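sharing a model prediction with you, sequence too.
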Amino acid sequence: MAKTSLDKSKIKILLLEGVHQSAVDNFLNAGYTNIEHLPTSLDEATLIDKIRDVHFIGIRSRTQLNERVFAAAEKLVAVGCFCIGTNQVDLGAALARGIPVFNAPYSNTRSVAELVLAEAIMLLRGIPEKNARAHQGGWLKSAKHSHEARGKTLGIVGYGNIGAQLSVLAESLGFNVLYYDVVAKLGMGNATQVASLEELLARADVVSLHVPDVPSTRWMIGKEQLALMKQGGILINASRGSVVVIEELAAALEAGRLLGAAIDVFPVEPKGNSEEFVSPLRGLPNVILTPHIGGSTLEAQENIGIEVSEKLITYSDNGTTVTSVNFPEVALPAHPDKHRLLHIHDNVPGVLSEINRVLSENDINISGQYLQTNEKVGYVVIDVDKAYGPKALDALRHVEHTLRVRVLYSETNYHE
Ligand SMILES: NC(=O)C1=CN([C@@H]2O[C@H](COP(=O)(O)OP(=O)(O)OC[C@H]3O[C@@H](n4cnc5c(N)ncnc54)[C@H](O)[C@@H]3O)[C@@H](O)[C@H]2O)C=CC1
Ligand SMILES: O=C(O)CCC(=O)C(=O)O
């Protein structure tokens, strides 16, 4: 088992939003026993109170880690988003404190793609309304507005991991696939990239959104864009609630401009299963409303639990930051019997030479040194033969522009 400077039973891990048990098991197997595992997110005040003594936090899409929360998180070492999206985390605030953020970029992509494909078929056949009527004792047997998927055009906005997977599944069913992305991407199968969102909206029978929440996608589908869609078109959004102006979508459905929609994500979502879900889409026929469960399959959640907990454990045990979404990426070999120090600092000239001057003045011989920077932060990992003494550590912490210093593998038993 890898050594860390801090007794693992003292490293506090807080897992929110029902992160899968696979993550808990992984932490336990790695020797981390101080785990609090809660089924929901926490409101800001409770979170601020709780996070003060937490070293690692695991969240999903609901928990907001903003500047105020980070300001209270004095001991926080790293954040794990047990999902794809990281828009709920102020990545800059984390970076400024030397806190890497990890996510699971692939594990739930298949689940989202499968759900969207199923919804496209259901909506093309008007199933939500027919199903609702049957539950009420009605019998809506009719082929009106019902279509096969075969030969229809699916327009995918955002051709990343989910969009591209959806493209393959949809083609196998007989859809013609068009996609729009800000990046030039090679289409899977016969899928064709179009030059503009407007072109995609005008040509597709079903439009599905798979973009991240970034400034360029915020409210990208509103009245104007919906008006470009084919009469009787269908819109699916399983990306983020900030992408579609929901009132304007409701108006287009009520006016009969669109004949169906499936929406999994909303501008405002309930904090947990006991809070009422409020939306202008409630009660509209041929609209599938799901509670942000695009990625909620047991398979995806188990894999995400394993993937993200492993990233946190690896960072805790040896400082590796590979695949972090906000941090310089350093892949580190284990260096048995060495003493490892992590120094995180503003990325300005001269910090590394200052660190090395301190080491030299304290008669510390470097046996390995790894530096990576991004535009804001420098991350250097230094392995040495003998334990770092308190004097050297103190001097390293006082190097100008230092954000954070952590010691791994050391007899000094340094506590964060
Ligand atoms: N409903 C759910 O439960 C889930 C929702 N998601 C959401 O789906 C989003 C997409 O996931 P992935 O495909 O894995 O992400 P990805 O990062 O692999 O792909 C996103 C694509 O969108 C493109 N893009 C960015 N800005 C754009 C713009 N303005 N116009 C057109 N294209 C743009 C990017 O170039 C990229 O190809 C995530 O960011 C997340 O918010 C992800 C998983 C589950
Ligand atoms: O499963 C979740 O809580 C969030 C899924 C999601 O939206 C994501 O992975 O980005």
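Nice, I can see it. Ligands and ions are numbered 1, 2, ... in the order given.

would you mark the buried spots in stretch 149-164?
For stretch 149-164, burial by neighbour count (16 or more other CB atoms under 10 Å) applies to 149, 152-164. Backbone N, C-alpha and C define where each C-beta goes, glycine included.

just stretch 116-136 next, same as before
Using 16+ other CB under 10 Å as the test for burial, stretch 116-136 gives 116-117, 119-130.

and stretch 245-254, by the same measure?
245, 246, 248, 249, 250, 252, 253.

what does stretch 365-382 give?
370, 372, 373, 377, 378, 379, 380, 381, 382.

isn't there a strand covering residue 262?
Yes - secondary structure of residue 262 (DSSP: H, G, I helix; E, B strand; the rest coil): part of a strand.

let's number from 28 now, not from 1
Happy to do that; since the first residue is 28 now, the last one works out to residue 289.

ok now stretch 109-126, how far from the chain's centre?
The chain centroid and the centroid of stretch 109-126 are separated by 9 Å under CA atoms, centre = their mean, to the nearest Å.

average model confidence for it?
In this model, stretch 109-126 carries a mean pLDDT of 97.

break this structure into its domains for me.
Following the TED database, one gets these domains for the chain: 28-130+324-354, 137-316, 357-436.

mind putting those domains in JSON lines, distance to ligand 2 included?
Formatted as JSON lines, those follow (distance: least, CB to the nearest ligand atom, whole Å):
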{"stretch": "domain 28-130+324-354", "distance to ligand 2": "3"}
{"stretch": "domain 137-316", "distance to ligand 2": "7"}
{"stretch": "domain 357-436", "distance to ligand 2": "22"}
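
tell me the most buried of those?
Among the domains of the chain, ranked by average contacts under mean count of other CB atoms under 10 Å, first place goes to domain 28-130+324-354 (a mean of 19).

of the buried residues of stretch 392-409, which belong to helices?
Using DSSP state H, no member of the buried residues of stretch 392-409 falls within helices.

closest to residue 99 out of those residues?
Among the buried residues of stretch 392-409, residue 404 lies closest to residue 99 (CB to CB), at 21.0 Å.

which residue, other than its chain neighbours, is closest to residue 424?
Distance criterion CB to CB, 6 or more residues apart in numbering; nearest residue to residue 424, sequence neighbours excluded, is residue 432 at 5.0 Å.

I'd say that neighbour and residue 420 touch.
Yes - with contact defined as CB atoms under 8 Å, residue 432 counts as touching residue 420 (6.8 Å).

pick out the residue of the stretch 228-377 of the chain closest to ligand 1.
residue 321 (2.7 Å; CB to the nearest ligand atom).

which element is that residue on?
Residue 321 is part of no helix or strand, with elements assigned from DSSP states H and E.

residues in contact with it?
135, 138, 139, 142, 143, 265, 291, 292 (CB atoms under 8 Å, 6 or more residues apart in numbering).

so which of those residues are also by ligand 1?
With CB under 6 Å from any ligand atom as the criterion, those include 135, 139, 265, 291, 292 near ligand 1.

correct me if wrong, but the last one is in a strand.
Looking back up the chat, that one is residue 292. No - under three-state DSSP, residue 292 sits outside any strand and is assigned coil.

Three-state assignment for the closest residue to residue 245 other than its chain neighbours, please.
Once flanking residues are discounted, residue 245 sits nearest to residue 269: 5.1 Å by CB to CB, 6+ apart. The three-state label given to residue 269 by three-state DSSP is coil.

residue 269 reaches residue 244, doesn't it?
Yes - when contacts are counted by CB under 8 Å, residue 269 is listed as touching residue 244 (7.4 Å).

sketch out the low-pLDDT regions of the stretch 28-177 of the chain for me.
Applying pLDDT under 70 to the stretch 28-177 of the chain flags residues 28-32.

helices of that one, residue ranges please.
48-56, 71-78, 94-99, 118-123, 136-151, 154-162 (DSSP state H, counting those that start in this stretch).

helices of the stretch 178-327 of the chain, start to end?
Under DSSP H, counting those that start in this stretch, the stretch 178-327 of the chain gives helices at 188-199, 224-230, 250-255, 273-281, 325-345.

burial count for the one residue in the stretch 228-377 of the chain that gets nearest to ligand 2?
Residue nearest to ligand 2 within the stretch 228-377 of the chain (CB to the nearest ligand atom): residue 322, separated by 4.0 Å. If you count neighbours by other CB atoms under 10 Å, residue 322 ends up with 25.

ok, it - contacts?
Contacts of residue 322 (CB under 8 Å, 6+ apart): 110, 111, 134, 135, 138, 139, 328, 331.

kindly recompute the last result at 7 Å.
Contacts for residue 322 were tallied using CB atoms under 7 Å, 6 or more residues apart in numbering; they are 110, 135, 138, 139.

so the third one sits right up against residue 320, yeah?
No - using CB atoms under 7 Å as the test, residue 138 is too far from residue 320 to be in contact (8.7 Å).

any idea how far the residue in the stretch 128-277 of the chain that ligand 2 sits nearest to lies from residue 49?
Per CB to the nearest ligand atom, residue 135 is where the stretch 128-277 of the chain lies closest to ligand 2, at 5.4 Å. Residue 135 sits 13 Å away from residue 49 when distances are taken as CB to CB, to the nearest Å.

again, but for residue 418
Residue 418 is 43 Å from residue 49, by CB to CB.

out of the ones next to ligand 1 among the contacts of residue 321, which one sits closest to residue 231?
Distance to residue 231 across these (CB to CB) is lowest for residue 265, with 15.9 Å.

list the contacts for that closest one?
Contact analysis of residue 265 by CB under 7 Å, 6+ apart lists 139, 142, 143, 291, 292, 321.
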